[in-house]
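Return atomic coordinates for the entry below.
(one chain, ligands or ions: 2)
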Amino acid sequence: MDIITVMDDALSNKIAAGEVVERPASIVKELVENAIDAGSTRIEIALEEAGLTSIRVTDNGKGMSRKDAVLAFERHATSKIANEHDLFRIRTLGFRGEALASIASVAKIQLWTSDGEIEGTEVHLEGGQVVKHDHAALRKGTDIIVSQLFFNTPARLKYMKTIQTELGHIIDLVNRLALSHPHIAFQLMHENHTILQTAGNGDQRRVLAEIYSVDVARKMIPFKGDNADYTIHGYITLPEMTRASKNYMTLVVNGRWVKSYAVNQSILDGMHTYLPIGRYPIAVINVEADPYLTDVNVHPSKQQIRVSKEGELLSLIKASIHEAIRQYIIIPDAIKKEPAIKRPSEQTTIWNMQPKQTVQEQPIKESVQSSYSIQDETETPQSITESEYAPPVRENLETVQETKVEQTAPVSSTEIAPDEEKTDKRFPSLVPVGQVHGTYIIAQNEDGFYMIDQHAAQERIKYEFFRDKVGEVDHEERQLLLMPLIFHYSGSDKAAIEEHMEMLHAVGIFLEEFGPSSYTVREYPSWFPTGEETAIIEDIIEQVLRNKHINIGKLREESAIMMSCKKSIKANHYLTIADMERLLSDLAKAENPYTCPHGRPVLIHFSTYEIEKMFKRVM
Ligand code: ADP
Ligand code: MG
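Ligands and ions are numbered 1, 2, ... in the order given. Below you'll find the predicted structure:
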């Protein structure tokens, strides 16, 4: 018995719609992408009930002819690719020719369009069938209303979450589309309220300001870089302005917003040792490449792509961001200069000095502890939020950036090498005056005074020392042991260790086979922190066991961080003025003296002006 039949169009469109039209946001995405592909410079999106009742997209693009206006709703109807060859050189956002057919199968459609030639066209569709095809006014562009979404697919309608959730998805989407196309003026309206409006003047920083607030946009720094195949540029927030979620990183490849776990990871790698644990930057990163290097035909929603030479692209991103951050990093200020803009979802705390009692004549030494307290002190790096500290030169940030942009030569994708000239010119010269709680050094200069976390400072100095040592292990610098150390591992761990043997060797771990489940170590680099050698070796081996895909760069970095923690002076440790001077002068020589390797601040500035203001010496 023959049981196979070919589906009719209405059915196959509905099936395709299952993939393309998941929720109102997916319809908005397809309609807006069509408007972008049509060369529009203004796109308006108006929603009722988060799009479930109606979605209207109006553009001023090239419009459609009378015939095309109907053909556009046929399955596989597209003006964007004609042959197989085109599939590898896609410059438009759409190319599958199935969005309008799919949308028409699950909603009612009204369309007005004109290519500006003779007259416009009006088309209505219900259940995928044309129910009206008429003349309309001659206004170049396209206006489409999609209403009663999922009216004939009740199961999908039931699946929709609350209006707020669906609206959230649409806002997130339109934000990213606006960011990807700063030359287009976008307006997003929900029930007559404007949610987003962009200028369309090509300035991506301005779009960032419209989406994330002016305050955020001002704290973002530009970065750029290129290699033989890719050019990248974008903006990223300084480590002082972070979020608890990765969702604020936007990747745009040839004008298409795409999601990539690997790229997010390389952004974070680029900020490594600057970023508090569990916090993420706000960033937009634009990648330009020959379309030939990208494959966009990976998923119906076109949200993922494949790129050739991915490894090179990822190191380019990491290196460019790292370099940009390194150049801009500055000392947090103890006093917030302007009120923080609070976002409802964002928990913000402000570091602030609150006079509690009258200060003695000699403010330094013992009296400081009792006279002042830092409010909302943060114990863990996780809770550091944007308003906790502001860069002291923030007012000038814009000008600083402008001059910096010219100076920042594009970074190549080669591994980040430490600078020849390590001392940052902007690091202030500091004179130590004393120590608080055996933990913080107080130092001063003409700009005010500084509190330095001595543990964080030393961690930074040691980290950079060990990073250089581990970066290229000098085989002359070895310590031979009279009694070899012995390490035991299970069979599976040994297999993983064997695989990484060369890498371990490169960081100074020289393991020798010693029976089926053990290794011996007869020598190790003489600069391994004394007394901690066994723990260091175990910890480094632990790194490769925990992360089997670790690369040599990461292993070096993690090992250096681990060793720096082991050897640093802890809190409650008395230092002489000479100790403090040495620490501050070593710190000044560090490549990045401003944060510890875990991203926490090393020093905080109390400006003379702010102090005078607190004592009402100035108003
Ligand atoms: P695709 O975008 O993959 O080509 P769609 O189903 O989204 O497929 O659209 C089909 C065709 O309809 C497009 O190729 C384009 O020619 C035309 N079209 C759709 N929307 C617009 C618009 N806003 N302006 C001009 N042409 C449009
Ligand atoms: Mg399309």
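
And Met503, how far from ligand 1?
Note on Met503: its distance to ligand 1, by C-beta to the nearest ligand atom, to the nearest Å, is 46 Å. C-beta coordinates here come from the backbone N, C-alpha and C atoms, glycine included.

pLDDT score for that residue?
You'll see Met503 listed with a pLDDT of 92.

Find the nearest non-adjacent residue to it, please.
Nearest non-adjacent residue to Met503, counting by C-beta to C-beta, 6 or more residues apart in numbering: Ile552, 5.3 Å away.

That neighbour and Ile267: what is the separation?
Per C-beta to C-beta, to the nearest Å, Ile552 is found 21 Å from Ile267.

between the two, which one's more packed in?
Neighbour count, other C-beta atoms under 10 Å: between Ile552 and Ile267, Ile267 has more, with 25 against 16.

shouldn't Asn592 be in contact with Ile329?
Yes: using C-beta atoms under 8 Å, Asn592 is in contact with Ile329, at 6.0 Å.

Mind listing the shared neighbours of those two?
Each of Tyr274 lies in contact with both Asn592 and Ile329 under the rule C-beta atoms under 8 Å, 6 or more residues apart in numbering.

Now for the residue in the stretch 51-200 of the chain that ligand 1 sits nearest to, how many residues are close by?
Here the residue of the stretch 51-200 of the chain nearest ligand 1 is Gly94; by C-beta to the nearest ligand atom that distance is 2.3 Å. Gly94 has 20 neighbouring residues, counting by other C-beta under 10 Å.

Please apply the same query to Lys161.
Around Lys161 there are 12 residues (other C-beta under 10 Å).

That one should be in a strand, yeah?
No: counting by DSSP: H, G, I helix; E, B strand; the rest coil, Lys161 is not part of a strand but coil.

Which parts of the stretch 451-600 of the chain are strands?
478-488, 512-513, 518-525 (DSSP state E, counting those that start in this stretch).

what's Val602 sitting at in phi/psi?
phi -90, psi -40 (degrees, to the nearest 10).

ditto for Asn547
The phi/psi pair for Asn547 (degrees, to the nearest 10) is phi -130, psi 90.

ok, now Leu575?
The phi/psi pair for Leu575 (degrees, to the nearest 10) is phi -120, psi 140.

so what's the closest residue to it other than its chain neighbours up against?
Nearest residue to Leu575, sequence neighbours excluded (C-beta to C-beta, 6+ apart): Gln435, at 5.7 Å. Taking C-beta under 8 Å, 6+ apart, we find Gln435 in contact with 441-442, 454, 574-575, 580.

Closest to Asn13 out of these?
Asn13 has its nearest neighbour among those in Gln454, at 68.1 Å by C-beta to C-beta.

Quick check, the closest one in contact with Tyr440.
Yes: with contact defined as C-beta under 8 Å, Gln454 counts as touching Tyr440 (6.7 Å).

Identify the residues contacting whichever residue of the stretch 51-200 of the chain sits closest to ligand 2.
Proximity to ligand 2, evaluated over the stretch 51-200 of the chain using C-beta to the ion, is greatest for Gly94 at 2.8 Å. Gly94 makes contact with 30, 33-34, 37, 78, 80, 302, according to C-beta under 8 Å, 6+ apart.

what about 6 Å?
33, 37, 80 (C-beta atoms under 6 Å, 6 or more residues apart in numbering).

Can you say which of these are buried?
Buried by 16 or more other C-beta atoms under 10 Å: 33, 37, out of the contacts of Gly94.

Nearest to Val521 among the contacts of Gly94?
Glu33 (58.9 Å).

quick one: contacts for that closest one?
93-94 are the contacts of Glu33 under C-beta under 6 Å, 6+ apart.

Could I have the buried ones of the contacts of Gln435 as PyMOL selection syntax?
What follows is the PyMOL syntax selecting those of the contacts of Gln435 that are buried according to 16+ other C-beta under 10 Å:
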select buried, resi 441+442+454+575+580
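
Just the contacts of Gln435: which are in helices?
454, 580 (DSSP state H).

Pull the most distant pair out of the contacts of Gln435.
Among the contacts of Gln435, Ile442 and Tyr574 lie farthest apart (C-beta to C-beta), at 14.0 Å.

pLDDT weak spots in this protein?
16-19, 155-160, 330-331, 333, 335-426, 567-571, 619 (pLDDT under 70).

Can you tell me which residues in it are near ligand 2?
34, 94, 99 (C-beta under 5 Å from the ion).

can you map out the helices along the stretch 1-150 of the chain?
9-20, 24-37, 68-71, 84-87, 99-106 (DSSP state H, counting those that start in this stretch).

Nearest residue to Thr153 in space, please, no chain neighbours.
Per C-beta to C-beta, 6+ apart, closest to Thr153 is Val106, 5.3 Å.

The one you found and Phe150 touch, don't they?
Yes: using C-beta atoms under 6 Å, Val106 is in contact with Phe150, at 5.5 Å.

So which elements touch the helix or strand hosting His605?
Using DSSP states H and E, His605 maps to strand 603-607. Packed against strand 603-607 by the contact rule (3 or more C-beta pairs under 6 Å, 6 or more residues apart in numbering; DSSP states H and E) you find strand 448-453.

by contact count, what packs against the strand it packs on?
strand 440-445, strand 603-607.

strand partners of it, parallel vs antiparallel please.
Strand pairing for strand 448-453, determined by DSSP bridges: strand 440-445 (antiparallel), strand 603-607 (antiparallel).

what's the distance between the helix or strand that comes right after the shortest one and the middle of its chain?
Going back to what we said before, that points to strand 603-607. Sequence-wise, the next helix or strand downstream of strand 603-607 (DSSP H and E) is helix 608-614. Put simply, helix 608-614 sits 36 Å off its chain's centre (C-alpha atoms, centre = their mean, to the nearest Å).

buried sites along helix 608-614?
Quick answer for helix 608-614 (16+ other C-beta under 10 Å): 608, 610-611, 614.

Farthest-apart pair in those, please.
Pairwise distances across the buried residues of helix 608-614 (C-beta to C-beta) peak at 10.9 Å, for the pair Thr608 and Met614.

I figured Gly234 hits Val284, correct?
Yes: between Gly234 and Val284 there is a contact at 4.9 Å, judged by C-beta under 6 Å.

Give me the spatial nearest neighbour of the most centrally placed residue in the chain, chain neighbours excluded.
The centre of the chain sits closest to Met249, judged by C-alpha atoms, centre = their mean, with a distance of 3.8 Å. With sequence-adjacent residues excluded and distances taken as C-beta to C-beta, 6+ apart, Met249 is closest to Ala283, at 4.7 Å.
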